[in-house]
Each structure stands twice: as structure tokens, then as C-alpha cells.
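Chemist: Sharing a model prediction with you, sequence too.
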Number of protein chains: 2
Amino acid sequence: MQFEAIVHHVSQHIQLGKDELEYFKSVLKEVSVPRKEFIQNQGEACSYINFVESGLLRAFHIPPDGKESTVMFAIENWWITDMYCFLNEQPSMTYIQAVKHSKIFRLSRNHLQALFDTIPQFNTFFRILMQNAYCREQLRMIQNLSLHAKERYENFVLKYPQIAQNVTQKQIASYLGITPEFLSSIRGEHAKSVHNS
Amino acid sequence: MQFEAIVHHVSQHIQLGKDELEYFKSVLKEVSVPRKEFIQNQGEACSYINFVESGLLRAFHIPPDGKESTVMFAIENWWITDMYCFLNEQPSMTYIQAVKHSKIFRLSRNHLQALFDTIPQFNTFFRILMQNAYCREQLRMIQNLSLHAKERYENFVLKYPQIAQNVTQKQIASYLGITPEFLSSIRGEHAKSVHNS
DNA sequence: CGTCTATTTGAATGTACTCAAAAGCGGTGG
DNA sequence: CCACCGCTTTTGAGTACATTCAAATAGACG
């Protein structure tokens, strides 16, 4: 039923007994998030990690001077939070907002710690999640260092078509670290070159 | 004795019994790495994760067109490998080279898996390592997106003084994603502004 | 329908790169 | 111990990539 997706997701990495599964479900808080609603505000406490059952969310950061950066997008079966602040009980560095109407499961820091303590398997599960997140971020870093904006954009669309189709260009630009105007001009060139070839 | 540093490091995060500790030590391979020597080549198998007991290592990537990017530096008590390729048994995307003469402990993928299987605590330990690595990389990403080269350089020197003092400007430039010439000119300006104030 | 925001386009500007040449510095061998 | 070699760093001129600002157009939503 409602827990199907998240249970399936967890079961891909670890095997849990019936009681363990029940306990896990019992600490999840299901929340329906309308489009544009925030599930986290920059500067406020960051006590939850969120599993996206359906929909699409975006984490972004706004420094004092005002230039917004998208930290990550999260689609179905992804987890999203401000990991540093969640783990270290710091005020969040990011906003997290629903790009589309979404259904999420929230898991509090305390409940997660309890899971780690009572069901050691969850350490394995989160180890794997963190491995994947780290590797993704490292690849993104290498690409940002070595590629031009146009190549980064093309890679993004290839790698995350489902995200590219559901967010604005402005949001993609802020993920790639360029201005929306420049992304627009890149896309213009691209269309031309496709037409010419 | 020789295992002191790594045992201390692990013990900060998990508690191990005597037998477990002995087993852990038995799967470590101590290696002394002279300055400039490679412990990993791009394109070759990546079967080890490496703990730096002393010294300083650098991981870097060279794409086909030739512009080198520094993926990470590792000083005392850091772990270094090409994580994606290590975990997924892919040919390494990076070189890893000793910047200074170093003493490292190598741990093979198979031995690490065995540790996960026989001493569940190691899942906790690596979960924490991966959390920290992920958070570091995400902070680096945000800064690269939102700051100018000069600010990134100043942050780097502040955050990692021990690294900044032991690597060349060229290597720092490739970590920051700028050219050595440009870094040089940034430093020139900085010296001037310090003098004027 | 009207309003608000996203996107496009263009001109002027700024940040960072490329290329080239000179100066500095460390290591090595005679 | 000095001279030389190779690599790093500096400096500068010219160029390219990307931003800013402004204004027009297009789209989305109530």
C-alpha cells in the first residue's frame, strides 16, 4: 500500500524481518507537499531526512549577496535533506521546496539514530546511500571543473531527463552555476547546430 | 606502534574488541610511498582504499583533451581512493600520487567487504566516513557555484592551511578549477590589497 | 483577462583563459 | 660546489566565455 515504494527501495539493499519493517514504517511520517511549498527553510532547524515517494523537490542555497544556487534535485526514490546540517544539528543552509506536488516520507534525526542503534542493518543501508551520494557529487565536481557550460548542460539533460523536463531553465541554470540568460543563449546555439547538421 | 594512528582513528567512531582489532590490522597492507610515486593510475583497476598515516597524496583526473583537475588531497588520517571506481570495480578515473613521501595503509575491496560482513560495526564506521565526505563535497560544490576564484582561493587556504603549504600553486589552481596563471595574478592582487590596508 | 514570472535577445562589461616570454627555484650530475 | 636542466611562477597582451542590465516576448496561473 502506501509504504510500498520505500519498503521496496530499502529492501534492494538490506533484508529486514517483519518486526523490523514494522518498526521502520512506524517512524516514518507521510506528508503530502503541494507545489511550491517549502519543507525546509534556510536558517531554521533541519531535523528531517526526506524520502521522495512521488513528485520532485529542489534544495537551494541563497548567500547574503543573493545569488541562488541549486544544491540538488530529488525525484522518486531519492532522499533529500541538508545533510551537513541534519547530521550536525546546525541551522539549515538550504531551502527545500516542492517543484511539483509531491508525496514524501519524513524521518527525524532521532528516529534515524534509533534505527541505527536497534537495527544495525540500517548502517549498511545508509552507508550505501552515502557512498552513492558522495560519488555523484564528486562526478559533478569533476565535470564542473573541466567542462564548459554548454557541455555541462548537455550532460545534465542526458543524465537526468526526468528532472530536465520538469524544472524551469532558471533552476537548471542555478544547478549548473550559470545565469538563466546565458543558458538561454547556449540553447539557442544548440538548436541552430542541430538544425544545420 | 605502527598501527597506532589508524587504530586511534577508527576507535573514535566505533568500539572494537581485541580479536576484531587484530583481524582489522591483519588485512591492512602498510606501504611506504616516495614523493612523486603513483599508487594508482587512471584507466587501471582500482582495488584499494588508502589510509594516510603520514605525508600527503593527491588524486587527479585528466580528460582526453588534457586539462588536469585535482579531485582531492589527502593528509594524515584521511582516506583516499577513486570511490566510484573502487566500489563499482571500474577502471580508475584518477591518478593518485604522493605529493610528499607518505606512509599509507592499503585495504582491498575484498577485505573491506569481509570487514563489513564479519564486523557489522564497520558499516557504521564507513557510513560516517561517507557522510563526512559527501558533506565536504557538497560544500565545495556550493562554493564553486557561488563564489569567484579569489574567494575560493582564500577559503581554501583558510580551511586547509596544511595542504596549501605543501602543494604547488599549480595543484591548488587545478583543485579550484582555474589556471595557474590566473591564480598567480589573484595572489598578486591579494598581496597588494593587504599591503595597502 | 490580467498579472506575474520565465525566457529570449542584444549591447556593454567583467572574469577567466590562452599564448608567450622571462624570472625563480629545486634537484641533479659533473 | 657550481652549472645546468626542467618545472613552477610571474607578467602582460589579446581573446573567449560568461555576466549584467535592459527591454521585449512568451507562458503559466489564478
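Modeler: Yep, that arrived. What you are looking at is a predicted structure, and each value in this text was computed from that prediction instead of being measured.

Chemist: Contacts only, for the residue most central in space within chain A.
Modeler: In chain A, the C-alpha closest to the average C-alpha coordinate belongs to A:A74, at a distance of 3.2 Å (CA atoms, centre = their mean). Contact criterion CB atoms under 8 Å, 6 or more residues apart in numbering or on different chains gives A:50, A:52, A:56-59, A:80 as the residues in contact with A:A74. All C-beta spots, glycine's among them, are computed from the backbone N, C-alpha and C.

Chemist: dump the residue contacts of the nearest residue to it once chain neighbours are set aside.
Modeler: Closest residue to A:A74 apart from its sequence neighbours, by CB to CB, 6 or more residues apart in numbering or on different chains: A:I80 at 3.8 Å. Taking CB under 8 Å, 6+ apart as the criterion, A:I80 is in contact with A:49-50, A:52, A:57, A:59, A:72, A:74, A:96.

Chemist: What pLDDT does the model give the closest residue to A:A164 other than its chain neighbours?
Modeler: Take A:A164 and drop its neighbours on the chain: the residue closest to it by CB to CB, 6+ apart is A:V157, 4.5 Å away. The per-residue pLDDT reported for A:V157 equals 97.

Chemist: and the contacts of A:A74 as a markdown table, adding distance to DNA strand C and secondary structure?
Modeler: Supplementary listing: the contacts of A:A74 in a markdown table, determined by distance: CB to the nearest atom of the strand, whole Å; DSSP: H, G, I helix; E, B strand; the rest coil:
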| residue | distance to DNA strand C | secondary structure |
| --- | --- | --- |
| A:N50 | 22 | strand |
| A:V52 | 21 | strand |
| A:L56 | 15 | strand |
| A:L57 | 16 | strand |
| A:R58 | 11 | strand |
| A:A59 | 16 | strand |
| A:I80 | 20 | strand |
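
Chemist: Looking at these, which is nearest chain B?
Modeler: Taking CB to the nearest CB as the measure, A:A59 is the one of the contacts of A:A74 closest to chain B, at 9.6 Å.

Chemist: mind listing what A:L16 touches?
Modeler: When the contact criterion is CB under 8 Å, 6+ apart, the partners of A:L16 are A:10, A:24, A:119, A:121.

Chemist: Most neighbours out of those, which is it?
Modeler: Taking other CB atoms under 10 Å in any protein chain shown as the neighbour criterion, A:F24 ranks highest of the contacts of A:L16 with 21 neighbours.

Chemist: Following element in sequence after the top helix by length along chain A, please.
Modeler: As far as residue count goes, and with DSSP state H defining each element, the longest helix of chain A is helix A:121-146. Counting by DSSP states H and E, the element after helix A:121-146 in chain order, helix or strand, is helix A:149-159.

Chemist: Now do whichever helix or strand comes after that following helix: distance to the chain's middle.
Modeler: As assigned by DSSP H and E, the chain's next helix or strand after helix A:149-159 is helix A:161-164. How far helix A:161-164 lies from its chain's middle: 13 Å, per CA atoms, centre = their mean, to the nearest Å.

Chemist: go on, stretch A:18-25?
Modeler: Remark: stretch A:18-25 is offset 25 Å from the chain centroid, using CA atoms, centre = their mean.

Chemist: do the same with stretch A:37-51
Modeler: Here the centre of mass of C-alpha atoms in stretch A:37-51, compared against the chain's by CA atoms, centre = their mean, lies 12 Å away.

Chemist: Could I get the CA-only coordinates of that stretch as PDB?
Modeler: These are the backbone C-alpha positions of stretch A:37-51, laid out as PDB (Å, rounded to 0.1, in the frame of the first residue of the first chain):
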ATOM      1  CA  GLU A  37       5.500  24.600  -0.600                       C
ATOM      2  CA  PHE A  38       8.700  24.600   1.500                       C
ATOM      3  CA  ILE A  39       9.500  21.600   3.600                       C
ATOM      4  CA  GLN A  40      12.600  23.300   5.000                       C
ATOM      5  CA  ASN A  41      13.700  26.900   5.300                       C
ATOM      6  CA  GLN A  42      17.300  28.200   5.200                       C
ATOM      7  CA  GLY A  43      18.400  29.200   8.700                       C
ATOM      8  CA  GLU A  44      15.900  27.000  10.500                       C
ATOM      9  CA  ALA A  45      16.400  23.700  12.200                       C
ATOM     10  CA  CYS A  46      17.000  20.700   9.900                       C
ATOM     11  CA  SER A  47      15.600  17.700  11.800                       C
ATOM     12  CA  TYR A  48      14.400  15.600   8.900                       C
ATOM     13  CA  ILE A  49      15.700  13.500   6.100                       C
ATOM     14  CA  ASN A  50      13.000  13.000   3.400                       C
ATOM     15  CA  PHE A  51      12.300  10.200   1.000                       C
END
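
Chemist: From DNA strand C, how far off is the residue of chain A found nearest chain B?
Modeler: For chain A, the residue closest to chain B is A:M130, as judged by CB to the nearest CB, at 3.5 Å. Here the distance between A:M130 and DNA strand C works out to 31 Å (CB to the nearest atom of the strand, to the nearest Å).

Chemist: so how far is A:S11 from that residue?
Modeler: With distances defined as CB to CB, to the nearest Å, the gap from A:M130 to A:S11 amounts to 18 Å.

Chemist: One more: A:Q90?
Modeler: 32 Å.

Chemist: How about A:K18?
Modeler: Taking CB to CB as the criterion, A:K18 is separated from A:S11 by 12 Å.

Chemist: which one of those two has more residues nearby?
Modeler: Looking at A:K18 and A:S11 with other CB under 10 Å, you find the greater number of neighbours at A:S11, namely 12 against 7.

Chemist: where does the more buried one land on pLDDT?
Modeler: Per-residue confidence at A:S11 stands at 96 (pLDDT).

Chemist: Touching, A:Y84 and B:E137? I think so.
Modeler: No - with the criterion set as CB atoms under 8 Å, A:Y84 and B:E137 do not qualify as a contacting pair; they are 10.5 Å apart.
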